[in-house]
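[1] Return a 3D structure for these sequence lines:
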Amino acid sequence: MAFKLNLAWLVSSSKSITLTLSGIAGLIMSVGMAVDANILIFERIKEELRAGKSLSLAIDEGYRHAWPSIRDGNTS
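    Numbering: from 1, shown residues only. Sure thing, here's the model as predicted:
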């Protein structure tokens, strides 16, 4: 998240691009979507660990199970 915001700041300041209110809102929205995706993934990983799976398998399954929700949330 911080990388994305810093990159947007550097590009806009180096190229003398003006960030409008809608552009700032878009940046905030994209950060919110990234946070939401991370929460979904971490919760799925915790569920898999509670089910007794190993850490590497829980990570794989967590990403696999969270992906449809993330995709649906980002496209609607």
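[2] Which positions in the lengthiest helix in the chain come out as buried?
    Across the chain, the longest stretch assigned as helix under DSSP state H is helix 21-50. By 16 or more other Cβ atoms under 10 Å, the buried positions in helix 21-50 come out as 27, 37, 40, 41, 44, 45, 48, 49. For every residue, glycine as well, the C-beta is placed using N, CA and C.
[3] wait, doesn't the second one sit right on residue 72?
    No - because the distance of 11.4 Å does not satisfy Cβ atoms under 8 Å, residue 37 is recorded as not touching residue 72.
[4] Distance of residue 32 relative to residue 72?
    Noted for residue 32: a distance of 16 Å to residue 72, by Cβ to Cβ, to the nearest Å.
[5] nope, residue 65 is what I was after
    Residue 65 is 13 Å from residue 72, by Cβ to Cβ.
[6] One more: residue 6?
    Using Cβ to Cβ, residue 6 is found at 29 Å from residue 72.
[7] Repeat that for residue 20.
    29 Å.
[8] returning to that earlier point: residue 65 and residue 72 - which one has more neighbours?
    For residue 65 versus residue 72, neighbours defined as other Cβ atoms under 10 Å are more numerous around residue 65 (16 against 9).
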